[in-house]
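Engineer: need a structure here:
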Amino acid sequence: MSITKIISHTFALRFLTIALFFIILSSFPSNFVHAQTRDCLSTTNTRVDADYNGPVFLDAYWTDRSESSIDMLNPMELEVGPGEGPATLAVVFVNRSPLELYAITGYLRLPTGFEPGGTSAEPEAKSYFSSTFSRNTADVSQASYFDKLIEGDVFTMYFDVDITDEAKVGSYLSSAILDYSTNQHVRSCKSALLDVPFILPGKVILDLSTDNKPLTPKIPNSIDFVVSNKGSSPATGTILTILNIGDDNSRSSRDSASSTVTLESSDTELVNLGNNTFNIGTIPSNGSTKISTTIFPEASSASSVQNISIQITYGNAYGYRQTELLTTGLVVSPKPSESPIIVSVDTKHEQPVVTAGIVENIMFQVINNGEDEITDLLLTLSGETTEMKIMGKSKWMIPSLPVGETYEFTTDVFASTSLINNPSSFNMNLDYISDGESSVDTANVGVFISGSIELTLYDVQVNSIGGKLHLVGNVLNQGSTTGKFANIELLSLAGIADVSEISPQYLGDLTDDSSIPFSIPLPVISLPEGKHPFSVKVTYADDLRNFHEVVFDDVVNISQIKEQRSFNERGSQDSPVPVEIILAIITCIAVASIVTVKIRKNRSKMNSSNDDLDFLLDDSERSKN
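Structural biologist: Numbers count the residues shown, from 1 in each chain. Below is the predicted model:
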């Protein structure tokens, strides 16, 4: 064969090799075209078949990196949903290569609604990703694995992810680049581009409440319990079981064979006359279900607040059986069985509640429930403890109270803030004549002491955060107790036609005498300067988990929209030092340096003079000798 033919064959072979490389390269996903990093010199593997040697995808789940979550045989999979915030996605791979792998680095592409978290969200990491890959890769999360892996070894890489409100519950198909080294690639590494499917399962958030009707002692009371699912995933196969009802000393026993509950009423003040177990089925996301039962309060439970505990067993987003114990309160009204007089209280609230820390005017009602007219009725009112004070009138004289009639009177009371979130009562002494006989009786009127929740908005303005407009401000609770499960929702803002797509923002607990910031993203890129009326609604729950709504109508003045600076990892805001301060500091340093140099020179001259004087004195002494 001639030299010319050999050269032509060699050239053709190189041409085909280069063409094949570009064909394979063009088949990669557009966002990961340059799949290999600057440290890797070998071609990225894109097809996992019988001839493939390298790491392959095995599983992906959400976890918290606890000790139980790293169990490869039975890992703990966490429920996460839209708006979860920081989370950890565990991706499991297996080594199919006969070679030993080590120094593995993974780069996971994140779909819409997911952002990198942890160190992957730092500016240095984003800059590295941008310089490494072919396009803006702000949606890449990095993880590493350093142990050596032989063929068949399973390993897990943990990617820090921030789940935003834009994420949706469902399945996602992503991809990951794995850079790794082998014994044959000591000074370089190989790369693999693998599909990574994962699921955003959502989560189940259950809450328990009642119909808030006070119970009447010594008679059966029908009561409804409402179980709400405030999460993003349905609770399936739900079973509710009443475990504890009444005071803390109540006892219950479970028959494991029949899955029933038997209450021992000797130590409980409330007795359940209805069903103990309820098969609910599915509670959908943002849905609720209601169960009804009949409760008989004993006489000793009058004028008190009782607790009831319900065990809920359900299937979570992964189908795993979960058990949760929820507790709610019941208020029992007074009804002394030995007296014809019924005393009740009307606090102008949905329940018998007294607000602590303020002087509140409440109404008492006295009803003649007997068979005879009551005359010369003397009422004396006092608080159960020294923290409950009667600030107004405390004695009333009623000449006559016919059968079935009601006498109403009001007075001012004050409850100390030390009683917040606790039950208390008023003591009423009754001195009267009925059926020709004089009787003395007492009645206790039970109330619940709740703190006040007084909300206000301040520092409301429109700022640009990350290039997007946000309505920001602070919600201040000037009351004496915490507003729980608070949310804020934008109802209207001048300049924005439709705000219905803006989701409510969860604020958390509004602690008393403190504020909490809010930031509501706006679906516009600009707003004209001037005054813009707006309306927001704040929803919160009080100490009894009753929800309230407060609507604020105000005006935000937009003069110049400022770009709000981002916070670094430690939570401190990067604020550059003004130029004037820097110049002043430099001047002070220069002056101090000049003064220091002059002092040192003067000391040096003095030392030199002293040395010369000592030398002359020594010469003089030697000449005398």
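Engineer: not counting residues beside it along the chain, what's closest to I177?
Structural biologist: Distances taken as C-beta to C-beta, 6 or more residues apart in numbering place Y107 nearest to I177, at 4.4 Å, with adjacent residues excluded. C-betas here are computed from N, CA, C, even on glycine.
Engineer: return the distance of whatever helix or strand the one you found lives in from the chain's centre.
Structural biologist: Assigned by DSSP states H and E, Y107 belongs to strand 101-109. Taking C-alpha atoms, centre = their mean, to the nearest Å, one finds strand 101-109 lying 32 Å from the centre of the chain it belongs to.
Engineer: what about it, average pLDDT?
Structural biologist: Averaged over strand 101-109, pLDDT sits at 89.
Engineer: what is it packed up against?
Structural biologist: Counting contacts by 3 or more C-beta pairs under 8 Å, 6 or more residues apart in numbering; DSSP states H and E, strand 101-109 is packed against strand 85-95, strand 140-145, strand 154-163, strand 170-182.
Engineer: the residue nearest to I177 pairs with what?
Structural biologist: Q142, I177 (DSSP bridges).
Engineer: isn't it right up against D139?
Structural biologist: No. Using C-beta atoms under 8 Å, Y107 is not in contact with D139, being 10.6 Å away.
Engineer: look at those two and report which has more neighbours.
Structural biologist: A count of neighbours by other C-beta atoms under 10 Å puts Y107 above the other of Y107 and D139, at 24 against 19.
Engineer: and the more buried one, how far is that from N474?
Structural biologist: Going from Y107 to N474 by C-beta to C-beta, to the nearest Å gives 39 Å.
Engineer: repeat that for T410.
Structural biologist: 38 Å.
Engineer: next secondary structure after the helix or strand of the chain with the lowest mean pLDDT?
Structural biologist: The weakest-scoring helix or strand in the chain, judged by mean pLDDT, DSSP states H and E, is strand 260-264 (a mean of 35). Next helix or strand after strand 260-264 toward the C-terminus (DSSP H and E): strand 270-272.
Engineer: so who does L173 touch?
Structural biologist: By C-beta atoms under 8 Å, 6 or more residues apart in numbering, the contact list for L173 reads D195, V196, P197.
Engineer: if we use 6 Å, what do you get?
Structural biologist: Shown in contact with L173 (C-beta atoms under 6 Å, 6 or more residues apart in numbering): P197.
Engineer: show me what it bridges to in the sheet.
Structural biologist: P197.
Engineer: what sits opposite the residue most central in space within the chain in the beta ladder?
Structural biologist: The chain has G508 as the residue nearest its centroid, 6.3 Å off, counting by C-alpha atoms, centre = their mean. As for beta bridges, G508 partners with A486 under DSSP bridges.
Engineer: likewise for H548?
Structural biologist: Beta-bridge partners, per DSSP bridges, of H548: Y540.
Engineer: neighbouring strands - and their directions - for whichever helix or strand comes after the strand holding Y107?
Structural biologist: Downstream of strand 101-109, the next assigned helix or strand under DSSP H and E is strand 114-116. If you go by DSSP bridges, strand 114-116 pairs up with strand 154-163 (antiparallel).
Engineer: just to revisit the earlier point, buried stuff in the strand holding Y107?
Structural biologist: By neighbour count on 16 or more other C-beta atoms under 10 Å, the buried set for strand 101-109 is L101, A103, I104, T105, G106, Y107, L108, R109.
Engineer: quick one: contacts for the fifth one?
Structural biologist: If a contact means C-beta under 6 Å, 6+ apart, then G106 has A143, M157, A176, L178 as its contacts.
Engineer: tell me the confidence at I239?
Structural biologist: 93.
Engineer: not including adjacent chain positions, what is the nearest residue to it?
Structural biologist: T313 (4.7 Å).
Engineer: repeat for I420
Structural biologist: Closest to I420 by C-beta to C-beta, 6+ apart is G451, at 4.3 Å.
Engineer: the one you found contacts S418, doesn't it?
Structural biologist: No. Under the criterion of C-beta atoms under 6 Å, G451 is not in contact with S418, lying 10.8 Å apart.
Engineer: of the two, who's got more company?
Structural biologist: Taking other C-beta under 10 Å, G451 and S418 do not tie; G451 has more neighbours (23 against 11).
Engineer: for that one, give its distance to S233.
Structural biologist: Distance, G451 to S233, using C-beta to C-beta: 34 Å.
Engineer: so what's the residue nearest to I177 up against?
Structural biologist: So Y107 contacts V140, Q142, I177 (C-beta under 6 Å, 6+ apart).
Engineer: how many residues are close by the first one?
Structural biologist: Around V140 sit 25 other residues, with neighbours defined as other C-beta under 10 Å.
Engineer: same thing with V555?
Structural biologist: Using other C-beta under 10 Å, V555 is surrounded by 11 other residues.
Engineer: partners of it in the sheet?
Structural biologist: Under the criterion used (DSSP bridges), V555 bridges to P533.
Engineer: I figured it was touching G530, is that so?
Structural biologist: No. Contact between V555 and G530 fails when scored by C-beta under 6 Å: they sit 9.7 Å apart.
Engineer: tell me which residues in stretch 546-563 are buried?
Structural biologist: V550, F552, V556, I558.
Engineer: which of the residues you listed fall in strands?
Structural biologist: Residues of these located in strands (DSSP state E): V550, F552, V556, I558.
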